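J.: my questions are about this predicted structure, shown below with the sequence.
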Amino acid sequence: MADTTETRGKRAKWNATRLPDLTGRTAVVTGANSGIGFAAARALAGAGAHVVFAVRDLARGGAAAARVSGSTEVRRLDLADLDSVREFAAGWDRPLDLLINNAGVMMLPEQRTRQGFEMQFGTNHLGHFALTNLLLPHVTDRVVTVASSAHRMGAAIHFEDVNLRGKYSPTRAYAQSKLANLLFTLELQRRLTAAGSAVRAVAAHPGWAATNLQSRAGNPLARVFMQAGNKFLAQDDTAGALPTLFAATQDLPGAAYVGPDGLAGMRGAPALVGRSAAASDPAAARRLWTLSEELTGVRWPLGTTVR
């Protein structure tokens, strides 16, 4: 077969130049003011989508949006405060094609959200759990939740105390929150399917992407290690956003998980990847959902009883 432009393109690794035309579509990206969230928002807007920067700091969000060519707006959202999550959702009154649950905190010293939850579990999981369920009646296409290969470091959800009182470590808490992201995606897709919804729930991880998250680790030695990793192992935030963009725009099965295809999953082009057995446990996913409803007071919104 002749080596035509078309056959070369089919073999080429997927990147943001291959995004479909997103004109007329609306996306919400949490944490869009920096890192892979900003890179994803910029690419979506460049492909024609109207992108809502859902950010904690309106000034920083506005400055980030001003650097993007395309249709954008900025709305305040603090995922560590469920009142802020409810306020954001209450102000939404139109169809939403893509909800990208991107924002997160990583390996912090022990802290609490406004409602008293461990900060990483409360922000990375509970905030996005509440936001997704509150916005779900408006969502028309898919929910993308950004997880991490660090989910493999968390053997299970600590159901007896997800706040890890008396046994907190930054790494344990982060791993638990990222495992929760994948279990949330699994159960969300099960519920969407049972409700007859065409919306898909998928997850993505960026590999090792050099962002400002690593600079906030609570352990000084961990910061040094991650800074070295940023320099010698990581891909940049533009490449780190590609799994999110792939998950948001390509024809994938529900509950799919996308990540880099090379160097032990730390870098490379986006592809379907595996997850741990703990992240594939439907019983744990259902138990986490029930607990998350109890903790947030936010319930499944689509009206169909799901067993």
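T.: Cool, got the structure.
J.: can you give me every residue that contacts the nearest residue to Glu87 once chain neighbours are set aside?
T.: Among residues not flanking Glu87 along the chain, Arg76 sits closest, at 8.0 Å (Cβ to Cβ, 6 or more residues apart in numbering). For the C-beta atoms, the positions are set from N, CA and C on the backbone; glycine is no exception. Neighbouring residues of Arg76 by Cβ atoms under 8 Å, 6 or more residues apart in numbering: Ala54, Val55, Arg56, Leu58, Gly61, Ser84, Glu87, Phe88.
J.: and the third one, how far is that from Ser84?
T.: Applying Cβ to Cβ, to the nearest Å, the value for Arg56 to Ser84 is 8 Å.
J.: cool, and Leu108?
T.: Leu108 is 19 Å from Ser84, by Cβ to Cβ.
J.: what about the nearest residue to Gly303 once chain neighbours are set aside, how many residues nearby?
T.: Nearest residue to Gly303 in three dimensions, chain neighbours excluded: Ala195, at 7.8 Å (Cβ to Cβ, 6+ apart). Neighbour count for Ala195, taken as other Cβ atoms under 10 Å: 16.
J.: ok, now how distant is Ala195 from Gly46?
T.: Applying Cβ to Cβ to Ala195 and Gly46 gives a distance of 33 Å.
J.: now Pro109
T.: On the measure of Cβ to Cβ, Pro109 and Gly46 end up 37 Å apart.
J.: got it, and Thr296?
T.: In terms of Cβ to Cβ, Thr296 sits 34 Å off from Gly46.
J.: the two: who's more crowded?
T.: Thr296 (22 against 16).
J.: who's in contact with the more buried one?
T.: Taking Cβ under 8 Å, 6+ apart, we find Thr296 in contact with Leu82, Leu126, Phe129, Ala130.
J.: could the residues you listed go into a markdown table alongside pLDDT?
T.: Formatted as a markdown table, these follow (pLDDT from 0 to 100):
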| residue | pLDDT |
| --- | --- |
| Leu82 | 98 |
| Leu126 | 98 |
| Phe129 | 99 |
| Ala130 | 99 |
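J.: can you pick out the most distant pair from these?
T.: Farthest pair in those (Cβ to Cβ) is Leu82 and Phe129. Separation: 9.9 Å.
J.: out of these two, which sits in the busier spot?
T.: Phe129 (29 against 24).
J.: still on that earlier bit, shared neighbours, Leu82 and Phe129?
T.: Counting by Cβ under 8 Å, 6+ apart, the contacts common to Leu82 and Phe129 are Thr296, Val298.
J.: next step: the contacts of Arg76 restricted to helices.
T.: Members of those lying in helices (criterion: DSSP state H): Leu58, Gly61, Ser84, Glu87, Phe88.
J.: burial count for the second one?
T.: Same thing as Gly61. 26.
J.: buried ones in the longest strand seen in the chain?
T.: Counting by DSSP state E, the longest strand found in the chain is strand 139-146. Residues of strand 139-146 classed as buried by neighbour count (16 or more other Cβ atoms under 10 Å): Val139, Asp141, Arg142, Val143, Val144, Thr145, Val146.
J.: same question for stretch 286-293.
T.: By 16+ other Cβ under 10 Å, the buried positions in stretch 286-293 come out as Arg286, Leu288, Trp289, Leu291, Ser292.
J.: wait, the last one touches Leu183, no?
T.: It refers to Ser292. No - applying Cβ atoms under 8 Å, one finds Ser292 not in contact with Leu183, separated by 9.6 Å.
J.: low-confidence bits of the protein, can you list those?
T.: For the chain, the stretches flagged by pLDDT under 70 are 1-11, 209-234, 264-265, 304-307.
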